[in-house]
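*Asks:* Could you work out the structure for the sequence below:
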Amino acid sequence: MTSTLKRSVHAVSLATGRLTTGGRVLPSFLVTGAQRSGTTSLYRALAQHPLILKPVLRKGVHYFDMAYDRGLPWYRAHFPLRATASRLSHRYGCRPQAFESAPYYLFHPLAASRIAEDLPGVKLIALVRDPVERAFSAHSHELARGFETEPSFARAVELEEERLAGAADALVSSPHSASHAHRHHAYLARGRYAEQLTRLERLVGRERLLVLDSGLFFTRPEVVHDRVLEFLGLPHIGDPVFERHNARPRPAPMPESLRRELAGHFEESDALLARWLGAEPSWRR
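*Replies:* Down below sits the predicted model:
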């Protein structure tokens, strides 16, 4: 399907959704990030469950970060009909749950408060990955997508502070604005997970937040999948196929001196993660 045809299908589907917005469900849970931590793989595994309803059009709606000015009816138009949910509830004897996955939700300075206000009771799932590997992977990802012009990861890291200077404050002061650098060049900042999780926890409560170690998900996906179902209160139905999505080839290995430097940068933040994970992060063991 060509990009033009995809846009046309998307426009028609969204228009239809808006006409029926009152008869559509809102998400019961969100996969909020972190970027390059397995969110797409988790999304596709969960979407195989018959009682988990994905968005009608795409994985992430990006309402709470990039499209909040469009309003809640626009957001609701992206999700399945209540009639669909009702049929599934009757068939399986358990209420279906809709969801979406948008990794920028975890990092955007306003997303958490917007989620707390518009989706009271929603549950949030965050994956955390070795922040050094996450940063390296993110640079390859942004470079491949054309959002990064600096081919050297080391140089991109050097430029980050300058690129991001004032970006978060600008997003807060101008709530419907966007920042290319904040979204695409935050290699280290996105890996300081404790700051972002503290913000989420303060707004939605600890009991509604599940933090998962991507290292465990990559090696033992069945264990993590079962933990998610338990968190959501859903029965285990069928066995999903686990695949790793969006992996990017690396142009060259990271120099060990840079790896050690970045590991030191994240030392304090990483040490705080055990409170959310219930164990030391896999990359610190």
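*Asks:* Gln48 touches Ile237, doesn't it?
*Replies:* No: between Gln48 and Ile237 there is no contact under Cβ atoms under 8 Å: 9.6 Å. Glycine gets a C-beta too; all of them are placed from N, C-alpha and C.
*Asks:* Quick check: Glu207 vs Gly146, distance?
*Replies:* 41 Å (Cβ to Cβ, to the nearest Å).
*Asks:* for Leu262, same thing?
*Replies:* For Leu262, the distance to Gly146 equals 25 Å [Cβ to Cβ].
*Asks:* Then Thr39?
*Replies:* 21 Å.
*Asks:* Give me the neighbour count for Pro175.
*Replies:* Applying other Cβ atoms under 10 Å, we find 11 residues neighbouring Pro175.
*Asks:* And Glu162, by the same measure?
*Replies:* Residues near Glu162, counting by other Cβ under 10 Å, number 9.
*Asks:* Helix, strand or coil: sort out it for me.
*Replies:* Secondary structure assignment for Glu162 (DSSP: H, G, I helix; E, B strand; the rest coil): helix.
*Asks:* Just the local confidence number for it, please.
*Replies:* pLDDT, Glu162: 98.
*Asks:* Over to Val132?
*Replies:* Val132 carries a pLDDT value of 98.
*Asks:* now Leu209
*Replies:* Listed pLDDT for Leu209 reads 98.
*Asks:* Identify the bridge partners of it.
*Replies:* Leu124 (DSSP bridges).
*Asks:* ok, now which ones touch it?
*Replies:* Counting by Cβ atoms under 8 Å, 6 or more residues apart in numbering, Leu209 makes contact with Lys123, Leu124, Ala126, Leu197, Leu200, Glu201, Trp276.
*Asks:* what's the distance between the third one and Arg24?
*Replies:* What that stands for is Ala126. 26 Å.
*Asks:* what does the second one give?
*Replies:* Taking Cβ to Cβ as the criterion, Leu124 is separated from Arg24 by 21 Å.
*Asks:* When those two are compared, which one has more neighbours?
*Replies:* Taking other Cβ under 10 Å, Leu124 and Arg24 do not tie; Leu124 has more neighbours (25 against 22).
*Asks:* Hmm, the more buried one is touching Glu201, no?
*Replies:* No: at 9.4 Å, Leu124 does not count as touching Glu201 under the criterion of Cβ under 8 Å.
*Asks:* would you list the contacts of Leu209 in JSON lines and tack on secondary structure?
*Replies:* Shown next, in JSON lines, are the contacts of Leu209 (three-state DSSP):
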{"residue": "Lys123", "secondary structure": "strand"}
{"residue": "Leu124", "secondary structure": "strand"}
{"residue": "Ala126", "secondary structure": "strand"}
{"residue": "Leu197", "secondary structure": "helix"}
{"residue": "Leu200", "secondary structure": "helix"}
{"residue": "Glu201", "secondary structure": "helix"}
{"residue": "Trp276", "secondary structure": "helix"}
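*Asks:* now, which of those residues sits nearest Ile115?
*Replies:* Checking the contacts of Leu209 against Ile115 with Cβ to Cβ, the nearest one is Leu124 at 7.3 Å.
*Asks:* Distance check, the closest one against His141.
*Replies:* Here Leu124 is placed at a distance of 23 Å from His141 (Cβ to Cβ).
*Asks:* now swap in Pro240 and tell me
*Replies:* 24 Å.
*Asks:* Just confirm Leu30 is within a strand.
*Replies:* Yes: in this structure, Leu30 lies within a strand as judged by three-state DSSP.
*Asks:* mind checking pLDDT for it?
*Replies:* 98.
*Asks:* Alpha carbons of the helix or strand hosting Arg227, in PDB - could you do that?
*Replies:* For Arg227, the host element (DSSP states H and E) is helix 221-232. The C-alpha trace of helix 221-232 is given here as PDB (Å, rounded to 0.1, in the frame of the first residue of the first chain):
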ATOM      1  CA  PRO A 221       9.100 -12.900  27.200                       C
ATOM      2  CA  GLU A 222       6.600 -15.500  28.500                       C
ATOM      3  CA  VAL A 223       7.400 -14.500  32.100                       C
ATOM      4  CA  VAL A 224       6.900 -10.800  31.400                       C
ATOM      5  CA  HIS A 225       3.800 -11.400  29.300                       C
ATOM      6  CA  ASP A 226       2.200 -13.300  32.200                       C
ATOM      7  CA  ARG A 227       3.100 -10.500  34.600                       C
ATOM      8  CA  VAL A 228       1.400  -8.000  32.400                       C
ATOM      9  CA  LEU A 229      -1.800 -10.100  32.200                       C
ATOM     10  CA  GLU A 230      -1.800 -10.400  36.000                       C
ATOM     11  CA  PHE A 231      -1.300  -6.600  36.300                       C
ATOM     12  CA  LEU A 232      -4.300  -6.100  34.000                       C
END
